[in-house]
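**Student:** Provided below are the primary sequence and the corresponding predicted coordinates.
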Amino acid sequence: MEGAIEALDLDEVIRPYSRRAVYHEGEYVYLPGDPSDTLYLIIEGRVKLSYPGRNGRDLTLTVLGEGELFGEMALVGGERRELAAEVMERTSIWVIDKQDFLRLLRERERLPLQVMELFLLRLKRLEERMMELILHDPLVKLSLLFTQTLQEDGGESLDLRELIRVAMADGAIATPPL
């Protein structure tokens, strides 16, 4: 994935600084209010980051995959989590304490640049998502979500039911009445 930290030398680079954890679909890595003293790097699987909505519905900010870092607000002094990190499928994650991650950044020459690229890519995605939500009607939003999903999956497969579920959860299309 573009901007993701290279997965090839994860074992070599990350292992001495972290511990590996496995989560299953529907489990939370963290919730709003949890301490913000750890960063996470996805080895395999997907994690959805969402912000709790006022009406009880969460607003999905992004879905992250292999090689992507999250929980980075621990680096800038956020004492408590503001987002929820929910696992979307069986997912393996490197769990890295803030101090160990800072030491890793000092010791690995290329890593700070890779992390900066990752953060800038995430910022770009969030800006694009905001514009989509503000400027586009529901059919255009669904079309953009469809295209984005195909790009993220490498164009290999697409589960239309999952796409519609995500679109409904994101508010791109209306939830049908019960």
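**Tutor:** Sure, I can see it.
**Student:** buried residues, the longest helix along the chain. List them.
**Tutor:** Once the chain is assigned using DSSP state H, the helix that runs over the most residues is helix 111-135. Residues 111, 114-115, 118, 122, 129, 132 are the ones in helix 111-135 that count as buried (16 or more other CB atoms under 10 Å). Bear in mind the C-beta positions are built from the backbone N, C-alpha and C, glycine included.
**Student:** next: stretch 80-95.
**Tutor:** The neighbour-count check on stretch 80-95 (16+ other CB under 10 Å) flags 81, 83-88, 91, 93-95 as buried.
**Student:** distance-wise, check the closest residue to residue 19 other than its chain neighbours relative to residue 128.
**Tutor:** Taking CB to CB, 6 or more residues apart in numbering as the measure, residue 19 lies nearest to residue 95, with 5.2 Å between them; neighbours along the chain are not counted. Residue 95 sits 29 Å away from residue 128, taking CB to CB, to the nearest Å as the criterion.
**Student:** same check on residue 99?
**Tutor:** 33 Å.
**Student:** just the element for the residue lying closest to residue 72 once chain neighbours are set aside, please.
**Tutor:** Once flanking residues are discounted, residue 72 sits nearest to residue 39: 5.8 Å by CB to CB, 6+ apart. Taking DSSP states H and E as the definition, one finds residue 39 inside strand 38-44.
**Student:** angle of that strand against helix 111-135?
**Tutor:** If you take axes from the mean of the first three to the mean of the last three CA atoms, to 10 degrees, strand 38-44 sits at 80 degrees to helix 111-135.
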